[in-house]
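Student: Next comes the sequence, and after it the predicted model I'd like to discuss.
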Amino acid sequence: MKPELPQLYIKGKVLIAGDADYDTARKIWNGMIDRKPAFIAQCADADDIAVCVKFARENNMIVSVRGGGHNVAGNAVCDDGLMIDLSKMKAIQIDVLNKTATAEPGVLLREFDAATIQHGLATTGGTVSETGIAGLTLGGGIGWLMGRFGITADNLLSAEMVTASGEKILVDNDNHPDLYWAIRGGGGNFGVVSKFKYQLHSFGPNVVGGMILYPMDQAKPALQFYREYARKAPDELMAYSGFIVTPDGLPVTMIFPAWLGDVKDAEKHLEPLRSFGTPIADMVSEIPYVQLQAALDAGAPTGIRRYWKSGYFTDLSDELLDIIIKNIATRPSPLSPFLFFHIRGAAAKTAADSTAFGHREDHWDSDIISQWLDPSDDEKNISWTRKFFNEIRPFTKGVYVNHLSGDDEESRVKDAYGVNYGRLKAIKKKYDPDNFFRMNNNIKPS
């Protein structure tokens, strides 16, 4: 017989097993995650978060923190502990004059973009519109606009936080500057952010972009052309690439360019790519920025089963391309893409020690995004992913912390931070010496 649960009182809603909304609240984007917290605390504000932190300490409970819940590792949900659920905290305030936005941690990328773009403003977001801004920002934040404006964390002006002791603090250049440095890429290791303030930029509302699809027999020459084209392009051009399967079941090579400057200049910069090879489809057109932000959504539906492996490539060598193309031909699930996200421009020109996100060079984030529906297919998809990654791992240099897949990758957290890892461990010891916040890609205290 289970012991009686202690009482948790907040302004928001507290759910326990058996409550009507409990099972819905514990489900997140990755359908592989099936954990059952003792409490789900749907917080209304920073005071609620502070109460939760102190409650968990008093009752010796493990804590997880959910923002958008759009993370493959599933660290938003814990077993038998307290899940601090921020998904109901949705306020957004736009200061048009000063070009800033203040947003709470439950805001999704599509909600944030809709609020800013109506004023002709934007900042770097992710690549799937259901992504939560909180985890995106704390892990760094790579997205379409990073060539022009840097990663999401480069645009974070300040944050209001609740620390591991339950204290509410302001974090910026003048207040806890060490912590301000750490949360721009260091993940959820240092506290719970209750409010983010971002720098916005004049932008939009339209861009020119879309997928160009090539048959698999053109995969290698298309990617050879892409690697040179992408590196020579101006900062206003971002181009992703990879391998997908079309809705009618055809495996294809994808190159996805987007011109993010003045639309009248798009044609001259996109023409070299659009005239290469013999594509089976060219979907490049002028579209709203918010449509670009949602363009990959269909390939990332909520609730299906997922297992990822990821790493950075400083070069897309012919040898590497051969290994990738060989493995793509054997993927067990047509739902599984392989993608390259090019980190370049402003994101790559910033000093490596300027924020906790330290991989600051022109390179590609690569992702084996295994996705499938049937639990009986778990083993073959996970095995394929691991085998594939083991073959390409010697070519990698570091990894994007937001794309680590979970417990089996604890040893790779150090790779995510490179030269900044030692400094992060010291800051962790200062603000969370007993590793209270450990349901994350964990930086253990020095």
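Tutor: Great, that's in hand.
Student: Domain ranges for this protein, per the record?
Tutor: 13-85, 92-203+421-431, 206-405 (automatic domain parsing).
Student: Could you check how far Ala122 is from Arg148?
Tutor: According to Cβ to Cβ, to the nearest Å, Ala122 and Arg148 sit 10 Å apart. All C-beta spots, glycine's among them, are computed from the backbone N, C-alpha and C.
Student: Compare those two and say which is more crowded by neighbours.
Tutor: Using other Cβ atoms under 10 Å, the more surrounded residue of Ala122 and Arg148 is Ala122, with 27 against 21.
Student: On the pLDDT front, check Gly187 for me.
Tutor: Gly187 is assigned a pLDDT of 96 by the prediction.
Student: was I right about it contacting Val401?
Tutor: Yes. Using Cβ atoms under 8 Å, Gly187 is in contact with Val401, at 5.7 Å.
Student: which residues touch the nearest residue in space to Thr355 that is not next to it in sequence?
Tutor: Spatial nearest neighbour of Thr355, excluding adjacent residues (Cβ to Cβ, 6 or more residues apart in numbering): Arg184 at 3.8 Å. By Cβ atoms under 8 Å, 6 or more residues apart in numbering, the contact set of Arg184 is 137-138, 140, 153-154, 156, 355-357.
Student: before we move on, the earlier item: residues that sit against both of Gly187 and Val401, list them.
Tutor: Listed as contacting both Gly187 and Val401 by Cβ under 8 Å, 6+ apart are 139, 441.
Student: ok, back up a step: can you redo the domains of the chain as CSV with distance to Lys414?
Tutor: Conversion of the domains of the chain to CSV gives the following (distance: least, Cβ to Cβ, whole Å):
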stretch, distance to Lys414
domain 13-85, 16
domain 92-203+421-431, 5
domain 206-405, 10
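Student: And the helices in the chain?
Tutor: Using DSSP state H, the helices assigned to the chain run over residues 22-26, 46-58, 109-117, 133-138, 146-149, 177-183, 219-232, 266-274, 289-293, 318-328, 346-349, 378-392, 413-417, 421-431.
Student: now the last one, how far from the centre of its chain.
Tutor: Just to be clear, that refers to helix 421-431. The chain centre lies 22 Å from the centre of helix 421-431; the measure is Cα atoms, centre = their mean, to the nearest Å.
Student: quick one: which of the contacts of Arg184 is nearest to Val107?
Tutor: Using Cβ to Cβ, the shortest approach to Val107 within these belongs to Thr137, at 10.4 Å.
Student: ok, now how distant is the closest residue to that closest one other than its chain neighbours from Met32?
Tutor: The shortest distance from Thr137 to any non-neighbouring residue, by Cβ to Cβ, 6+ apart, is to Thr152 (4.8 Å). Counting by Cβ to Cβ, the gap from Thr152 to Met32 is 26 Å.
Student: Looking at these two, which one has more neighbours?
Tutor: Legend: neighbour count by other Cβ under 10 Å for Thr152 and Met32, higher for Thr152 (29 against 18).
Student: my guess is that one contacts Thr124, does it?
Tutor: Yes. Counting by Cβ under 8 Å, Thr152 sits close enough to Thr124 to count as a contact (4.9 Å).
Student: intersection of neighbour lists for the two?
Tutor: 141-143.
Student: of those residues, buried ones?
Tutor: The neighbour count (16 or more other Cβ atoms under 10 Å) marks 141-143 as buried among the shared contacts of Thr152 and Thr124.
Student: how about those in JSON lines, adding pLDDT?
Tutor: What follows is those, written out as JSON lines (pLDDT from 0 to 100):
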{"residue": "Gly141", "pLDDT": "98"}
{"residue": "Ile142", "pLDDT": "97"}
{"residue": "Gly143", "pLDDT": "98"}
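Student: Format the residues you listed as CSV; extra columns: distance to Phe338.
Tutor: As requested, these are exported to CSV (distance: Cβ to Cβ, whole Å):
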residue, distance to Phe338
Gly141, 22
Ile142, 16
Gly143, 19
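Student: so which of those residues comes closest to Asn173?
Tutor: Within those, proximity to Asn173 (Cβ to Cβ) peaks at Gly141, which comes in at 18.6 Å.
Student: Could you report the distance from the residue nearest to that closest one when sequence neighbours are not counted to Tyr9?
Tutor: Once flanking residues are discounted, Gly141 sits nearest to Thr152: 2.4 Å by Cβ to Cβ, 6+ apart. Using Cβ to Cβ, we find Thr152 at a distance of 34 Å from Tyr9.
Student: Now do the strands in the stretch 101-250 of the chain.
Tutor: For the stretch 101-250 of the chain, applying DSSP state E, counting those that start in this stretch gives strands covering 121-122, 156-162, 168-171, 192-199, 201-202, 206-209, 212-215, 237-245.
Student: tell me the most buried of those strands?
Tutor: strand 121-122 (a mean of 25; mean count of other Cβ atoms under 10 Å).
Student: isn't Gly106 right next to Lys90, touching?
Tutor: Yes. Counting by Cβ under 8 Å, Lys90 is a contact partner of Gly106 at 4.9 Å.
Student: okay, the two: which has more neighbours?
Tutor: Gly106 (22 against 13).
Student: low pLDDT regions in the protein?
Tutor: Along the chain, segments meeting pLDDT under 70 span 1-3.
Student: quick one: the residue most central in space within it and Ser354, what's the gap?
Tutor: Compute the mean C-alpha point of the chain, and by Cα atoms, centre = their mean the closest residue is Leu136, 4.4 Å away. Here Leu136 is placed at a distance of 18 Å from Ser354 (Cβ to Cβ).
Student: Likewise for Gln7?
Tutor: To Ser354, Gln7 is 45 Å away according to Cβ to Cβ.
Student: Which of those two has more residues huddled nearby?
Tutor: Set side by side, Gln7 and Ser354 show more neighbours around Ser354, with 16 against 7, by other Cβ under 10 Å.
Student: so what's that one up against?
Tutor: Contacts of Ser354 by Cβ under 8 Å, 6+ apart are 154, 360.
Student: Repeat that for Glu286.
Tutor: Taking Cβ under 8 Å, 6+ apart, we find Glu286 in contact with 206-208, 263, 266.
Student: go on, Asp172?
Tutor: Contacts of Asp172 (Cβ under 8 Å, 6+ apart): 157-159, 180.
Student: Tally up the residues packed near the spatially closest residue to Phe55 that is not a sequence neighbour, please.
Tutor: Once flanking residues are discounted, Phe55 sits nearest to Leu8: 5.3 Å by Cβ to Cβ, 6+ apart. Residues near Leu8, counting by other Cβ under 10 Å, number 18.
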